[in-house]
Every structure is written in C-alpha cells, then in structure tokens.
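# return atomic coordinates for the entry below.
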Amino acid sequence: MDTKEENIGGTAVKYFVVQRDDEESRHLTQLFHQLASERGMEHDNKNPDIVLSIGGDGTMLEAFQLYKHKLEKIAFVGLHTGHLGFFADWKRDEIHELVSMMASTALDSQTIVQYPIVEIELETKNGKENYLALNEFTLKGVDRTLVAQLYINDQMLEMFRGDGICISSPVGSTAYNKSLGGAILHPSIEALQIAEIASINNRVFRTIGSSLILPKHHHCDIFPREQQNLLVTIDHRSILRNDLISVRCIVSPKKVNFARLRPFPFWSRVREAFISFEIGN
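Sure, this is the predicted structure:
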C-alpha cells in the first residue's frame, strides 16, 4: 500500500517529538522517527500537527511550554516511559500502533479533546508579564513565610500567611494540588482551583483552610507584602522574584488540544495513576 494514501487527506502528517533525556526515551524517539518516515509522516518543528511527548509528565509540560504560542493549531499526545504518566495515553510497547494511528487518523472534533488552562498575569515594578500553565502556578516565600492578600473578583477574601499558594487547572488538579488536599476536577470543567500550601492558622492568623474552585468567569488576585523574596513556579519552571506587585489568575480563553486516538476515559486514567498496581511491585 502506498504510505502517502494512508495519510490524512492525502497530505503528510507533520509531527515533532519532545523527549526526556534518558537512554530509553532517546531509543524510542529514534524508533518513532524511523516508523513515522515509513508511513510518510513529516518531521516539522515549526508547524507540526501533532507534538509527541516521549518521557514523563514533565516532558509533556516542556512540550506545552515550547508550543504554547500555537495551541490552537497543535494537538499533543504522550508516550510514557517512566513510572507514572498522567498525560500519556500510550506505553513503550505500543509505539507501532501509535505511529499507525497518528498516520491514518483525522484530527477533528471526534479525536481532539480540549482542556482548560490557567492564564497568569504578573504585575511587577517594570510592567506586566503574561504566562500560561498547563498544570499549575505557585507562589512561595523563599527566606520566610509568604504574606499576601488574596482577592476573589476584586473583593478581599483573606490575609494569607504560610508557605505558599497553588492555583491549578483541572488537568493540574491531579498534580501538586492533590498532594495539598485539593479536589480532583474532571478536565471538562472550566475552572481553576486555589489550594493553600502549609497555611498558618491560629488566634492571630486565619485562612479559609480548604481549596476553592472558581468558574471561568471569576478571577483571583494575590497581593504579596512588599520586599519579599518570592519563588514563582509555572508548571515545571521556577523564577525568583523580588519585584512582584500582584498576580492575577483566570481560566484562559485558550485551551490545550490532546489527540485522543483511542478511548481513555478520565476516571480510568485517575484509577490507573493512583489506585491500580501490580502485585509484587
């Protein structure tokens, strides 16, 4: 069979691979390139149709940040090579099937799922900076506890004192947010979640003490006390700041596309990630 006839609409499927830097991921990347070439797929780092992450969840976060400026044109898919890959639909021994599905499956409303992400605006002494997070944004104190006012829809909710604040997307609700006691949200819910990181609660300081879920038309603002050394994290990237005036977080009007080339229900993904295990492991 002519490989070109297997491609979507008679044109080559363009792809790019973001890999983890370990021996197995490098080997699988080389194998994928070979198999993709045999199926008439085209390697394109500038305008790919699909971005494949080979590695773990951190690799997918890296892929997202590399292509966050082209979210409306790209679909992501993950091949898992680690111990826990919440973003990955495919395992190392399924690479032949993955290549076949990528080469022959049309990307449309039936095979693309869209998930909400977090949009972050940092107001600093030098102006405003804008970021997108697939998983979460966190703000932490560096050499002392974080002290900050937390506002929701321009109304003050609390004066926070503690290690920090985590604001996650529904996809990110299964990550750091879960370890903080936050709820797991189905990614079809357009919302963001605010979770406290080791808040101080006593007779002097008092916070809400539980995670908060805001719908997409709400926003939250964080006003840290002046002259604090702060650690800002956006997904897997960290930035030290001492010039923050405020932070605003909203559900972004943009969404991330994932290629669901075969069924993999969200709650099945949750079960496999956090409950299922093999006897003897």
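# for the nearest residue to His80 once chain neighbours are set aside, what are its contacts?
In this structure, His80 finds its nearest non-sequential neighbour in Ala88, 3.3 Å apart by Cβ to Cβ, 6 or more residues apart in numbering. Where you see a C-beta, it was placed from the backbone N, CA and C, and this is true even at glycine. Counting by Cβ atoms under 8 Å, 6 or more residues apart in numbering, Ala88 makes contact with Ser53, Gly56, Asp57, Met60, Gly78, Leu79, His80.
# quick one: secondary structure of the fourth one?
Think Met60. Here Met60 takes the helix state, with states given by DSSP: H, G, I helix; E, B strand; the rest coil.
# just checking, it touches Asp89?
No - Met60 is not in contact with Asp89 according to Cβ atoms under 8 Å; the separation is 10.9 Å.
# okay, and the common contacts of the two?
Gly78.
# those two - which one has more neighbours?
Met60 (32 against 20; other Cβ atoms under 10 Å).
# how close does Phe137 get to Ile50?
Per Cβ to Cβ, to the nearest Å, Phe137 is found 27 Å from Ile50.
# same thing with Gly56?
19 Å.
# with Ile213 instead?
Ile213 is 31 Å from Ile50, where distance means Cβ to Cβ.
# count of neighbours near the closest residue to Tyr15 other than its chain neighbours?
Closest residue in space to Tyr15, ignoring its immediate chain neighbours: Ile50 at 4.8 Å, by Cβ to Cβ, 6+ apart. Other residues within reach of Ile50, judged by other Cβ under 10 Å, total 21.
# one more: Leu231?
Going by other Cβ under 10 Å, the residues that sit close to Leu231 add up to 15.
# same check, this time on Thr11
For Thr11, using other Cβ under 10 Å, the count is 11.
# can you pull the pLDDT of it?
Thr11 is assigned 77 on the pLDDT scale.
# what's the answer for Met1, then?
So, for Met1, pLDDT stands at 32.
# cool, His83 as well?
Taking His83 on its own, its pLDDT is 66.
# contacts only, for Val197.
I think there's a mix-up here, since residue 197 is Ile and not Val. Thr138, Lys140, Gly162, Asp163, Gly164, Ile165, Cys166, Leu180.
# dump those residues into CSV; add neighbour count as well.
Listed next are these as CSV, based on neighbours: other Cβ atoms under 10 Å:
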residue, neighbour count
Thr138, 24
Lys140, 19
Gly162, 19
Asp163, 17
Gly164, 22
Ile165, 25
Cys166, 25
Leu180, 20
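# so which of the residues you listed are in strands?
Under the assignment DSSP state E, those contribute Thr138, Lys140, Gly162, Asp163, Gly164, Ile165, Cys166 to strands.
# Leu107 is in contact with the residue nearest to Tyr15, correct?
Yes - if you go by Cβ under 8 Å, Ile50 and Leu107 touch, sitting 7.4 Å apart.
# common neighbours of the two, please.
Ala75, Ala259.
# show me where this protein has helices.
3-6, 23-38, 57-66, 95-104, 176-179, 266-274 (DSSP state H).
# what is the neighbour count of the closest residue to Ala36 other than its chain neighbours?
Spatial nearest neighbour of Ala36, excluding adjacent residues (Cβ to Cβ, 6+ apart): Val99 at 5.6 Å. For Val99, the neighbour count with other Cβ under 10 Å is 23.
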